[in-house]
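Chemist: The following comprises the amino acid sequence and a computationally predicted model.
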Amino acid sequence: MSDDKHKRAGKYSHLPLSTSGPIDCAVKGTVLLNTPYFNRGSAHTLEERNEFNLTGLLPQRVQTLEQQVARAYEQYSTRPDDLAKNTFLTSLKEQNLVLYYKLLQDHLKEMFSVVYTPTEGEAIENFSRLFRRPEGCFLNIEDLDRVSHDLAQWGRPEDIDYIVVSDGEEILGIGDQGTGGILISVAKLVLTTLCAGIHPNRTLPVVLDCGTDNEKLLNDDLYLGLRQKRVRGEKYDKFVDNFIQAARTLFPKAYIHFEDFGLSNARRILETYRPKIPCFNDDVQGTGCVTLAAVMAALHVSKQKLSDVKIVIFGAGTAGVGIADQIRDAISDEKGVSKEDAAKQIWLIDRPGLLTTKTEGLSTAQQLYTKEEGEWDSKERSLLSVVQAVQPNVLIGTSTVPKAFTEDIVRAMAAHADRPIILPLSNPTRLHEAVPADLLRWTDGRALVATGSPFDPVRGPWGPDGADVEIDVAECNNSVVFPGIGLGAVLARATRVTDRMLVAAVRGLAALSPALRDDPTAPLLPGVDRVREVSVRVAREVVRAAVQEGVATEKSIPDTDFGDEGGDGEKARELDDWIREQMWDPVYRPMRRVEPAGASRYAKAELKVVGSLEKVEDKEARKEEVVEKEAGR
Ligand SMILES: NC(=O)C1=CN([C@@H]2O[C@H](COP(=O)(O)OP(=O)(O)OC[C@H]3O[C@@H](n4cnc5c(N)ncnc54)[C@H](O)[C@@H]3O)[C@@H](O)[C@H]2O)C=CC1
Ligand SMILES: CC(=O)C(=O)O
Ligand SMILES: [Mg+2]
């Protein structure tokens with residue numbers, strides 16, 4: 001599809017974010033080669049070498065992108081472990097963006113877990129030891145008045161479509177990582193480009209450095225962030241607000257994605273800003289959407305309805321309550337009952353056990369799910385007791401407690417549920433509440449399983465007449481859905497991300513579940529090999545919902561007034577083409593030389609190459625440093 005897009009004269013190539021056609025470039029020589037967005041290394045054609053002053057800077061042989069990928073893969077393969085592979089990929093990204101994304105795209109299944117969870121978690125833990133070059137914007141809570149200035153280093157008003165921001169407090173299940181949290185913003189943005197074609201030069205990773213409560217980091221001389229306890233309260237809120245206001249002023253079109261904020265802040269911040277700006281919390285909403293889609297696919301297999309099942313969620317934090325809310329809203333829609341009534345089908349368990357009306361210190365969001373204390377007077381509130389008493393059909397883990405779903409618990413659940421739906425979602429892999437092989441073994445292959453990090457398929461004697469079968473286990477991670485939601489919101493230039501847009505995203509994702517094929521070994525969610533297809537479908541639904549909700553401001557959106565025709569209708573195809581045209585692909589497009597003066601209207605992009613600019617001493621060369629951004633041409 002993407003090759004076709006670049007060959008044909010795109011019907012939509014006039015679009016502001018169109019990604020077909022030539023790329024204008026106002027830099028040359030070593031500056032160009034040091035700019036990952038332009039550098040093609042050995043793949044620069046002879047014409048480009050002449051035109052952009054590259055002769056003498058490259059070996060003579062001109063290679064194809066495919067040859068470069070083969071070489072890079074060979075180098076990657078010699079790295080001794082996943083963390084070293086992750087570091088290798090980071091340096092490749094700093095050299096040649098197209099090659100980096102093409103390598104990832106061609107080896108997606110193998111490399112996904114290296115650039116994302118679990119290996120990215122390791123890279124984040126080792127941030128201060130592995131640090132080579134800054135990859136995003138570092139804001140300092142002790143410098144509240146400089147927030148706008150520091151953010152402005154990263155581009156001009158039209159430049160940024162997508163910001164991921166983290167305060168580093170609750171990273172990927174490994175807790176407080178302070179300023180190392182920049183790398184979760186970076187990694188989530190890599191996925192937006194890889195999975196949804198968000199333009200890599202139009203994104204901005206940000207970390208809000210508020211200090212850290214991680215003693216190991218505080219005692220580490222090499223730690224690169226503020227070496228002080230986390231600042232909380234009014235000053236923290238002011239910092240977040242300064243960031244939001246500055247981002248809105250500097251990049252008024254940008255969609256803001258919150259990632260891995262701590263429990264006490266994640267939802268509060270989301271609720272403060274959601275009614276005002278296009279923002280999204282991945283741990284609350286992304287996790288809620290992907291998990292609901294997995295549950296819906298599993299219910300298709302178990303031939304049940306959402307309104308008939310009972311759900312236990314173990315770990316009632318940011319992700320757990322986000323999931324509960326998404327499922328509750330879907331039940332309320334399906335049954336036509338209030339949210340309070342729908343919440344009766346969901347039981348939340350946290351450190352004190354089952355959350356009841358007497359449990360102290362609960363947030364408003366958790367309180368909606370509390371059960372009457374009286375009903376539980378004489379009962380144990382442990383996970384096992386709750387499972388025995390409630391007899392749930394669905395069990396979800398977002399607790400970071402490894403092996404919490406014990407054999408006793410799983411067998412107790414399977415005693416009542418024909419097809420127990422069990423989703424251990426805690427990351428990284430070592431913190432999963434159970435591993436798929438155990439869940440399937442304890443339930444004689446009846447469990448419908450999806451996990452937060454990737455697992456290999458499980459073999460067992462669960463086919464007809466005890467034949468061995470291999471069951472594919474879906475990765476139920478917000479990464480399946482947040483890129484498509486972001487793509488839809490960015491392309492629609494949505495002014496808000498509404499509940500209806502999220503419901504639409506779930507519908508789009510659920511429609512692509514392999515489990516709908518009625519193959520008993522199929523995973524509940526589409527795998528990474530289909531990420532782009534998933535993102536287009538999710539984005540399609542999000543754009544349509546944004547239009548229906550009246551929050552879409554982009555003028556070029558094609559007609560979205562069509563039924564749920566599964567992608568076959570002409571209007572649906574047209575909308576999909578409009579989306580695809582604006583998705584960035586890792587291909588070498590023709591380069592067009594523009595003079596720096598003529599390119600002045602593209603000057604807004606110059607700061608994107610700040611890393612390479614620093615290397616240029618020569619004043620004359622500095623004049624050449626104006627770099628075009630293809631979007632906004
Ligand atoms: N698969 C996915 O897409 C996602 C997975 N996650 C994972 O979910 C986990 C939780 O993440 P967040 O919700 O952001 O963290 P959080 O800190 O907000 O929530 C964790 C909750 O588990 C509770 N908990 C801890 N120990 C417990 C115990 N022994 N018994 C019962 N409850 C216990 C905590 O009190 C807290 O309420 C992490 O491992 C994270 O990586 C988070 C977001 C998305
Ligand atoms: C997947 C994700 O967002 C998390 O574990 O925090
Ligand atoms: Mg997260």
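Modeler: On my side now, so go ahead. As the structure is a computational prediction, the values presented were derived from the model and not from experiment. Residues are numbered from 1 along each chain as shown. Ligands and ions are numbered 1, 2, ... in the order given.
Chemist: Tell me, how many residues neighbour the residue of the stretch 351-500 of the chain found nearest ligand 2?
Modeler: Ligand 2 sits closest to Asn427 of the stretch 351-500 of the chain, with a gap of 4.0 Å, by C-beta to the nearest ligand atom. Every residue, glycine included, has its C-beta placed from N, CA and C. Counted with other C-beta atoms under 10 Å, the neighbours of Asn427 add up to 23.
Chemist: do the same with Pro461
Modeler: 11.
Chemist: Just give the closest residue to the residue of the stretch 351-500 of the chain closest to ligand 2, not the sequence neighbours.
Modeler: Gly173 (4.2 Å; C-beta to C-beta, 6 or more residues apart in numbering).
Chemist: do Pro558 as well
Modeler: Glu574 (4.8 Å).
Chemist: cool, Ala123 as well?
Modeler: Leaving aside its sequence neighbours, Ala123 sits nearest to Asn86 (C-beta to C-beta, 6+ apart; 5.0 Å).
Chemist: Show me which residues of the chain sit near ligand 2.
Modeler: Residues of the chain that fall close to ligand 2, judged by C-beta under 6 Å from any ligand atom: Thr117, Leu172, Gly173, Asp260, Asp282, Asp283, Asn427, Asn477, Asn478.
Chemist: overlap between those residues and the residues near ligand 1?
Modeler: Among the residues of the chain next to ligand 2, ligand 1 is touched by Leu172, Gly173, Asp283, Asn427, Asn477, Asn478 when using C-beta under 6 Å from any ligand atom.
Chemist: residues in contact with the fifth one?
Modeler: Residues near Asn477 by C-beta atoms under 8 Å, 6 or more residues apart in numbering: Thr117, Val290, Leu425, Asn427, Gly452, Ser453.
Chemist: If we use 10 Å, what do you get?
Modeler: Counting by C-beta atoms under 10 Å, 6 or more residues apart in numbering, Asn477 touches 112, 116-117, 191, 286-287, 290-291, 425, 427, 450-454, 525, 528.
Chemist: doesn't Thr400 make contact with the residue of the stretch 351-500 of the chain closest to ligand 2?
Modeler: Yes - counting by C-beta atoms under 10 Å, Asn427 touches Thr400, with 8.3 Å between them.
Chemist: Find the residues that touch each one of those two.
Modeler: Both Asn427 and Thr400 are contacted by Gly173, Ile174, Ala319, under the criterion C-beta under 10 Å, 6+ apart.
Chemist: Just the pLDDT for the second one.
Modeler: Just to be clear, that refers to Ile174. Listed pLDDT for Ile174 reads 96.
Chemist: SS state for the closest residue to it other than its chain neighbours?
Modeler: Excluding its sequence neighbours, the residue lying closest to Ile174 (C-beta to C-beta, 6+ apart) is Gly121, at 5.1 Å. Assigned with DSSP: H, G, I helix; E, B strand; the rest coil, Gly121 falls in the helix class.
Chemist: So the nearest residue to Gly41 once chain neighbours are set aside versus Asp568, what's the distance?
Modeler: Distances taken as C-beta to C-beta, 6+ apart place Asn96 nearest to Gly41, at 5.8 Å, with adjacent residues excluded. According to C-beta to C-beta, to the nearest Å, Asn96 stands 39 Å off from Asp568.
Chemist: before we move on, what about Val240?
Modeler: From Val240 to Asp568 the distance is 45 Å (C-beta to C-beta).
Chemist: which helices and strands sit right next to the one helix or strand Arg592 maps to?
Modeler: For Arg592, the enclosing helix or strand under DSSP states H and E is strand 591-593. Packing partners of strand 591-593 (3 or more C-beta pairs under 10 Å, 6 or more residues apart in numbering; DSSP states H and E): strand 23-25, helix 46-51.
Chemist: Direction included, what does the first one pair against?
Modeler: The strands beside strand 23-25 in its sheet (DSSP bridges) come out as strand 591-593 (parallel).
Chemist: pLDDT (mean, whole number) over the strand it pairs with?
Modeler: On average, strand 591-593 scores 94.
Chemist: So for it, what gets flagged as buried?
Modeler: Met591, Arg593 (16 or more other C-beta atoms under 10 Å).
Chemist: Need the contact partners of it.
Modeler: 21-28, 32, 38, 40, 44-45, 47-48, 51-53, 599, 628.
Chemist: returning to that earlier point: Asp167: which of the helices and strands packed on strand 591-593 is closest?
Modeler: When these are compared by C-beta to C-beta, strand 23-25 sits nearest Asp167, at 35.2 Å.
Chemist: Would you indicate which residues of that closest one are buried?
Modeler: Going by 16+ other C-beta under 10 Å, strand 23-25 has these buried residues: Ile23, Asp24, Cys25.
Chemist: which element follows it toward the C-terminus?
Modeler: helix 29-33.
Chemist: doesn't Asn140 make contact with Phe239?
Modeler: Yes - using C-beta under 10 Å, Phe239 is in contact with Asn140, at 8.8 Å.
Chemist: Compare those two and say which is more crowded by neighbours.
Modeler: Per other C-beta under 10 Å, whichever of Phe239 and Asn140 has more neighbours is Phe239, with 22 against 18.
Chemist: which residues sit in contact with the more buried one?
Modeler: Contact analysis of Phe239 by C-beta under 10 Å, 6+ apart lists Leu139, Asn140, Ile141, Glu142, Asp143, Leu144, Val147, Asp167, Leu208, Asp209, Cys210, Val231.
Chemist: export those residues to JSON lines and tack on pLDDT?
Modeler: Converted to JSON lines, the contacts of Phe239 look like this (pLDDT from 0 to 100):
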{"residue": "Leu139", "pLDDT": "98"}
{"residue": "Asn140", "pLDDT": "98"}
{"residue": "Ile141", "pLDDT": "98"}
{"residue": "Glu142", "pLDDT": "98"}
{"residue": "Asp143", "pLDDT": "97"}
{"residue": "Leu144", "pLDDT": "97"}
{"residue": "Val147", "pLDDT": "98"}
{"residue": "Asp167", "pLDDT": "98"}
{"residue": "Leu208", "pLDDT": "98"}
{"residue": "Asp209", "pLDDT": "98"}
{"residue": "Cys210", "pLDDT": "98"}
{"residue": "Val231", "pLDDT": "98"}
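Chemist: Which secondary structure element is home to Leu103?
Modeler: Using DSSP H and E, Leu103 sits within helix 97-106.
Chemist: now for whatever helix or strand comes next after that helix, which elements pack on it?
Modeler: Next along the chain after helix 97-106, taking DSSP H and E as the criterion, comes helix 108-115. Packed against helix 108-115, as judged by 3+ C-beta pairs under 10 Å, 6+ apart, are the following elements: helix 65-78, helix 82-93, helix 97-106, helix 119-125, helix 182-196, helix 531-549.
Chemist: go with 7 Å
Modeler: helix 82-93 (3 or more C-beta pairs under 7 Å, 6 or more residues apart in numbering; DSSP states H and E).
Chemist: what mean pLDDT would you report for the helix it packs on?
Modeler: Per-residue scores along helix 82-93 average to 98.
Chemist: Next, the contact list for the closest residue to Lys188 other than its chain neighbours, please.
Modeler: Nearest non-adjacent residue to Lys188, counting by C-beta to C-beta, 6+ apart: Val164, 4.7 Å away. By C-beta atoms under 7 Å, 6 or more residues apart in numbering, Val164 lies in contact with Ser185, Lys188, Leu189, Pro205, His257, Glu259.
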